[in-house]
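[1] Below: sequence and its predicted model.
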Amino acid sequence: MMLARQDQSSQHSPLKRTALHALHAARGGKMVPFAGYDMPVQYATGVLREHLHTREAAGLFDVSHMGQIVLRPKSGKLEDAALALERLMPQDIVGVAPGRQRYAQFTNAAGGILDDLMVANFGSHLFVVVNAACKAEDEAHLRAGLSDVCLVEPLADRALIALQGPKASAVLEKFCAEAPAMRFMDAGPHIVAGIDCFVSRSGYTGEDGFEISVPAEHAEALATALLESSDVLPIGLGARDSLRLEAGLCLYGHDIDTTTTPVEGALEWSIQKSRRHGGARAGGFPGADTILRQLDNGAPRRRVGLKPEGRAPVREGAALFADTTSSEQIGSVTSGGFGPSVNAPVAMGYLPTSQAAPGALVFAELRGQRLPLRVAAMPFVPNTYKR
């Protein structure tokens with residue numbers, strides 16, 4: 001599991017609790033520090049069963065530790081807020097239609113990623129969801145970059161629940177009739193079980209699913225109602241991590257960070273034509289020179305999928321080599337573990353672009369031995385998003 005780096009914020013201050021903390025305790029959640037919060041790593045069913053249940057039915061995840069922020073244009077014109085946000089990221093935010101959301105990254109002057117996030121168009125304002133470990137810095141970054149144009153309003157009184165898996169739509173339909181009609185990356189206000197919520201349809205697991213932003217005082221009641229379905233189990237951080245790894249999705253602070261560009265991270269698909277060379281609003285974001293150059297000419301290294309040829313998982317931090325004898329490290333593993341759905345170990349890491357083609361053979365150093373891995377296409381498990 002990839003928890004260590006994001007746990008650092010919890011070492012010097014009391015752990016925060018989400019609105020679902022009592023529910024986790026009542027259901028036997030094993031609690032661990034994560035991004036400054038006391039969070040469930042697993043329940044009595046265990047990580048393996050939680051993982052497979054999410055792939056087969058539906059899993060309920062508490063992601064209330066993440067940051068929810070509204071950007072409200074002072075002019076009343078949403079395009080002003082969208083243009084202002086484009087100063088901080090390489091994505092086309094003006095082109096996000098009402099009721100839709102987009103994956104994006106904050107970048108720094110070197111083209112590195114400060115955080116990855118979701119940006120939704122709610123008609124009169126933008127709604128963003130940022131990573132838990134970065135949310136204080138992200139809020140400050142937004143205030144510094146957008147306060148001339150936008151009101152930056154953190155929503156500290158809301159919880160966030162993710163319902164993921166092939167039966168998620170059928171379960172949520174009982175509480176929100178509009179849910180099945182939503183498409184992948186739709187987002188907006190909806191009534192769920194009589195509660196005013198914000199609902200999006202995306203997913204950090206690779207499965208079809210929903211994210212429900214709910215007022216904190218109603219979070220436990222809504223989660224309890226969803227868990228009354230026999231198709232739904234509560235899922236902890238352990239299975240959340242193995243699910244996203246099989247889906248080939250990045251975890252900030254591990255697979256992407258301030259030293260990796262979106263192109264190195266294999267995230268160039270998230271940068272629309274309008275922000276690239278020749279586009280209507282090309283550049284104008286931090287690190288544009290580096291990122292646009294890499295979009296045109298390629299990056300020196302790439303995030304790749306890796307499949308160990310044996311049964312032993314290769315973990316984060318393992319050094320990668322071109323052969324069994326070379327002393328020159330060519331890359332490293334950023335996430336790794338056992339993939340329950342593929343019944344085999346899987347990993348991600350960085351390699352020189354010249355050695356990053358699928359099928360290429362590299363070696364990871366593990367306990368003094370060099371273990372072979374094949375560069376593999378991602379995702380390891382096909383996604384099931386509703387297009």
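    That came through, no problem. Residues are numbered from 1 along each chain as shown.

[2] List the buried residues of the longest strand along the chain.
    Ranked by residue count, the top strand of the chain under DSSP state E comes out as strand 329-339. For strand 329-339, burial by neighbour count (16 or more other C-beta atoms under 10 Å) applies to 330, 331, 333, 334, 335, 336, 337, 338, 339. All C-beta atoms are positioned from the backbone trio N, CA, C, and that covers glycine.

[3] and if you look at stretch 225-233?
    So for stretch 225-233, counting by 16+ other C-beta under 10 Å, buried means 225, 226, 227, 229, 231, 232, 233.

[4] circling back: now render the buried residues of strand 329-339 as TSV, adding pLDDT and distance to residue 46.
    Putting these into TSV (pLDDT from 0 to 100; distance: C-beta to C-beta, whole Å) gives the following:
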residue	pLDDT	distance to residue 46
330	98	36
331	98	32
333	98	25
334	98	25
335	98	20
336	98	20
337	97	14
338	97	13
339	98	16
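
[5] which SS state does the residue lying farthest from the centre of the chain fall under?
    Centroid-distance maximum for the chain: residue 325 at 36.6 Å, with C-alpha atoms, centre = their mean. Classification of residue 325 using DSSP: H, G, I helix; E, B strand; the rest coil returns coil.

[6] and the next element down the chain from the longest strand of the chain?
    Sequence-wise, the next helix or strand downstream of strand 329-339 (DSSP states H and E) is strand 344-352.

[7] the inter-axis angle of that following strand versus strand 329-339?
    160 degrees (axes from the mean of the first three to the mean of the last three C-alpha atoms, to 10 degrees).

[8] could you dump strand 344-352 to CSV, C-alpha only?
    C-alpha atoms of strand 344-352 as CSV (Å, rounded to 0.1, in the frame of the first residue of the first chain):
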residue,chain,number,x,y,z
ALA,A,344,-0.7,-11.2,-10.4
PRO,A,345,1.6,-8.4,-9.2
VAL,A,346,1.4,-5.1,-11.0
ALA,A,347,3.4,-1.8,-10.7
MET,A,348,4.0,1.6,-12.2
GLY,A,349,7.2,3.5,-12.5
TYR,A,350,9.4,5.8,-14.6
LEU,A,351,11.8,4.7,-17.3
PRO,A,352,13.7,6.6,-20.0
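
[9] List of residues touching it?
    Applying C-beta atoms under 8 Å, 6 or more residues apart in numbering, the contact partners of strand 344-352 are 245-246, 248, 250, 255, 260, 264, 300-308, 310-314, 318, 320, 330-339, 360, 362, 373, 375-376, 378, 380.
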